[in-house]
Structure formats: C-alpha cells, structure tokens
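Asker: here is a sequence with its predicted model. Questions after.
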Amino acid sequence: MFKKLRIISVDIDHLSFSESLDKVMDLALQRKSSYVCFANVHMTIEAHKDPSFLKKVNNADLVLPDGKPLAIACDILYNEKQERICGMDFTPRILETANEKKISVFIYGSTSDIIKATEEKMNKMYPNVHLAGAISPPFQNLSNEEIKAHIDKINQSGAHVVLVALG
C-alpha cells in the first residue's frame, strides 16, 4: 500500500511513475476490476465541490497527480517529493508494456476518427497489443441501456486494460 497525501480533499498516491506503471500492469495481469484517476487541479476542485464525485475519485485503485500543481502541493504540504504522472505520458508506457506482455487493450472515448488513427498507430508501434475493441460514445448523456451495453461490450472483450479518454 502506498502513502496517500490529501490535497484539498483528494487522496493522491505517493509513488513514482515507474511504481505506478508496475501497479497498473499488476492489476491488468490479475484481471482485477479497478480504475486509476489522473487528477489535475480541475478534477480536484470538482471533487471537493461534489461529494459523489469525490467518493469516486478517492475510491480509485490509484489517484495519480496529473497536474504539476498537485505534485508541488505534495512537497509544500507534506515535504514529500512527488513527480507529476501525466496521463498523456502514461498511456504510451502502458502500451509499451502491454506490447511486451502481449496483452489486450480496449479504447473508450474520443471520436471514431481518433480511435481509427490510434488503432493504425498501435498496429505499427505496438504489434503485440491486441485491440480488444473500441467505443466512441456520443457527446451527450447516455441512457441506462446504452451504458449497460457499453459495459457489456467492454466486459465481453476480454481486455486487460481499458483506456478511457472522455476529458
């Protein structure tokens, strides 16, 4: 278990980029249902204002400091050096490791054009990664039936890792 450092009301996991990548891959290989939040200042403020959202963030298996201000706050408030662990930097490393371990990935979010371009790039750069599926949800609230259908598709895909890009 890693030390948690509370920034406003969000509990940031105090670990290195490398440790966080190892933890994510361990969860993926165990096929343990879990999630990771890459917290920035906006997410931290929204979580502070919305108790339901805060609970979802703090219940994540890992909450990583995506924003540099959160990493700096760890040092200022707790005298604990914390590197920024940016989701955009983390994703290629997940794919590199998935390629080495030959595990599958599912993409949820973004547009169908971006997903197609990502799939093409993945095929070139990470040929051992199996793209188990992808969903580009509409930019609107989904019905309960649509949400259930998306969850079922992800679960049936057999993916080890689901990359979510919803902004």
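Answerer: Received the coordinates, thanks.

Asker: what's the neighbour count on K32?
Answerer: Neighbours of K32 under the rule other Cβ atoms under 10 Å: 9. (Each C-beta comes from the backbone N, C-alpha and C, glycine too.)

Asker: any idea whether it is helix, strand or coil?
Answerer: Secondary structure for K32, judged by DSSP: H, G, I helix; E, B strand; the rest coil, is coil.

Asker: how about F38?
Answerer: Going by three-state DSSP: F38 is strand.

Asker: so how far is I103 from it?
Answerer: Distance of F38 to I103, given as Cβ to Cβ, to the nearest Å: 20 Å.

Asker: ok, V164 next?
Answerer: Taking Cβ to Cβ, one finds V164 at 17 Å from I103.

Asker: and T44, what does it touch?
Answerer: Applying Cβ atoms under 8 Å, 6 or more residues apart in numbering, we find T44 in contact with 7-10, 67, 70.

Asker: just confirm it is within a helix.
Answerer: Yes: under three-state DSSP, T44 sits within a helix.

Asker: centroid-nearest residue for this structure?
Answerer: V36 (4.5 Å; Cα atoms, centre = their mean).

Asker: list the contacts for that one?
Answerer: Contacts of V36 by Cβ under 8 Å, 6+ apart are 20, 24, 60-64.

Asker: kindly report the domain assignment for the protein.
Answerer: Segmentation of the chain into domains, based on automatic domain parsing, reads 3-85, 88-165.

Asker: how close does the residue lying closest to G87 once chain neighbours are set aside sit to K121?
Answerer: Leaving aside its sequence neighbours, G87 sits nearest to F38 (Cβ to Cβ, 6 or more residues apart in numbering; 3.7 Å). Distance, F38 to K121, using Cβ to Cβ: 21 Å.
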